[in-house]
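>>> Here is a sequence with its predicted model. Questions after.
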Amino acid sequence: MGKARNLTILCVAVVASLSVWFASTAAVADLIAAGLMTSAQAGLLTSAVQAGFVAGTLLSATLGLADRIRPTHLFASGCALAGLATLLLPFAEPAGWTTLTLRFLAGAAMAAVYPVGMKMASTWARGDLGLLIGILVGGLTLGSASPHLVNGLIGTLPWTTVYWISGFLCLLAGVLVLAFREGGVPFARTAFRLADIGEAWRSRPLRLANLGYFGHMWELYAMWAWIGAFLQHGPMSLPGAGASVLVFAILAAGLPGAVLAGLVADRFGRCETAAAAMVVSGLCALAIGPAAGVAPALAVAVALLWGFSVIADSAQFSALVIEAAPRHLTGTMLTIQTCVGFLITIVAIQALPLVLPFTGWDHAFALLAIGPFLGALAMLRLRGVRRTA
């Protein structure tokens, strides 16, 4: 009962806090309709959060915050900063520098939430680490998908309301997480040495786990960012509300994908599970454009399979790092992994529209297949290293 209770608290806190991350996704439709923002400026809001997260994880890793501060306190502090930064948004010019700065701060604060949450969940692992991290990643996926469901079913909410709701949810998440208790043997707080950062590359198991994660991140957020545009403006030309509901379904398919992959990985192997998921998602990236030209129903099926598989491997990279990292550096190694991974997402998100004029929607997503295919190779090499060890 203690395990179920504490993991429930953690998952609810993660979902509530991550509503801040994707608040702009739900707010921009009303902002654009009101003439307060252009599509290009809306893209900057997303990039500001991603850039803030990268900066926050870099600072956290440099200072070793995730291994020096009690996890619940660090998590709650991140929620407080992100929530306050979001609640200030209705008072700022929607497309101005103040708004971009507040979104950057919210993203930076999330560095104290997501990587730290994975470390907190791992304290309850008893041969089910992949499943526990999978459940947490499933919570992130559900939080990512929820704005699309709101837009699809309720319609476009006033942008100020979106920010008010998200900000208050994040503050509540910070209060809720204080009730979390670590399981088993908690991680001891430790002194940090700057040279410890290099362990993420010096250790071959950590290096290969990170390389697999980087390939995964090249695909994931670019797919999430552009699948809606593909459905609306590509060969299928779906109306806005229908596209929003379908995007929610595609992203939400990652929830069962993460949980099921966690169960499979704990039983049959993390490297094999992650490699298989990446091969499937890479094939979906190659197939979805041509499938839309054949039949819309086929493209929808491919998109749902893509949503399922593109997140299925995510938790296993974190689990591999938790298993391979020195225990006193677990939080820092997770933070470094997510820092570089999210930096890669910024490049991928911006790269896809650059190739779109040359490829069209038929083959634009083929660019994203590079990441999971290379990541699968890293996982197969890591499998050999783990078997030898």
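That came through fine.
>>> Quick check, Thr338 in contact with Pro115.
Yes - with contact defined as CB atoms under 8 Å, Thr338 counts as touching Pro115 (5.0 Å). Where C-beta positions appear, they are placed from N, C-alpha and C, glycine not excepted.
>>> Please say which of those two ends up with more neighbours.
Neighbour tally, Thr338 and Pro115, criterion other CB atoms under 10 Å: the higher count belongs to Pro115, 32 against 25.
>>> wait, what's in contact with the more buried one?
If you count contacts by CB atoms under 8 Å, 6 or more residues apart in numbering, Pro115 has them with Thr57, Ser60, Ala66, Gly331, Leu334, Thr335, Gln337, Thr338.
>>> Now list whatever residues contact both of Thr338 and Pro115.
Thr57.
>>> so Ala292 makes contact with Ala303?
No - contact criterion CB under 8 Å: Ala292 and Ala303 do not qualify, at 9.0 Å.
>>> Out of the two, name the residue with the larger neighbour count.
Counted by other CB under 10 Å, Ala292 and Ala303 do not tie: Ala303 has more neighbours, with 25 against 22.
>>> Can you read off the pLDDT for that one?
We have a pLDDT of 97 for Ala303.
>>> now it, what's its secondary structure?
Here Ala303 is recorded as helix under DSSP: H, G, I helix; E, B strand; the rest coil.
>>> ditto for Leu81
What three-state DSSP gives for Leu81 is helix.
>>> do Pro115 as well
From three-state DSSP, the assignment for Pro115 is helix.
>>> Distance check, it against Ser77.
Separation of Pro115 from Ser77 (CB to CB, to the nearest Å): 14 Å.
>>> try Pro296
47 Å.
>>> Show me where this structure dips below the pLDDT cut-off.
Along the chain, the parts satisfying pLDDT under 70 run over 1, 26, 29, 39-40, 150-157, 185-194, 240.
>>> got the contact list for the residue nearest to the spatial centre of it?
Nearest to the mean C-alpha position of the chain, counting by CA atoms, centre = their mean, stands Leu140 at 6.3 Å. By CB under 8 Å, 6+ apart, the contact set of Leu140 is Val14, Val15, Leu18, Tyr114.
>>> can you do 6 Å?
Leu18 (CB atoms under 6 Å, 6 or more residues apart in numbering).
>>> Name the SS class of it, please.
helix.
>>> Now list the buried members of the contacts of Pro115.
Thr57, Ser60, Ala66, Gly331, Leu334, Thr335, Gln337, Thr338 (16 or more other CB atoms under 10 Å).
>>> In helices only, show me the residues you listed.
Here DSSP state H is the test, and the buried ones among the contacts of Pro115 give Thr57, Ser60, Ala66, Gly331, Leu334, Thr335, Gln337, Thr338 as lying in helices.
>>> Among those, which one lies nearest to Thr25?
Taking CB to CB as the measure, Thr25 sits nearest to Thr338 out of these, at 19.8 Å.
>>> And the helix or strand that contains Ala108, what's buried?
Using DSSP states H and E, Ala108 sits within helix 97-109. Residues of helix 97-109 classed as buried: Thr99, Leu100, Leu102, Arg103, Phe104, Leu105, Ala106, Gly107, Ala108, Ala109 (neighbour count, 16+ other CB under 10 Å).
>>> what would these look like in CSV with distance to Ala348?
Output for the buried residues of helix 97-109, formatted as CSV (distance: CB to CB, whole Å):
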residue, distance to Ala348
Thr99, 24
Leu100, 21
Leu102, 25
Arg103, 19
Phe104, 19
Leu105, 23
Ala106, 21
Gly107, 17
Ala108, 20
Ala109, 23
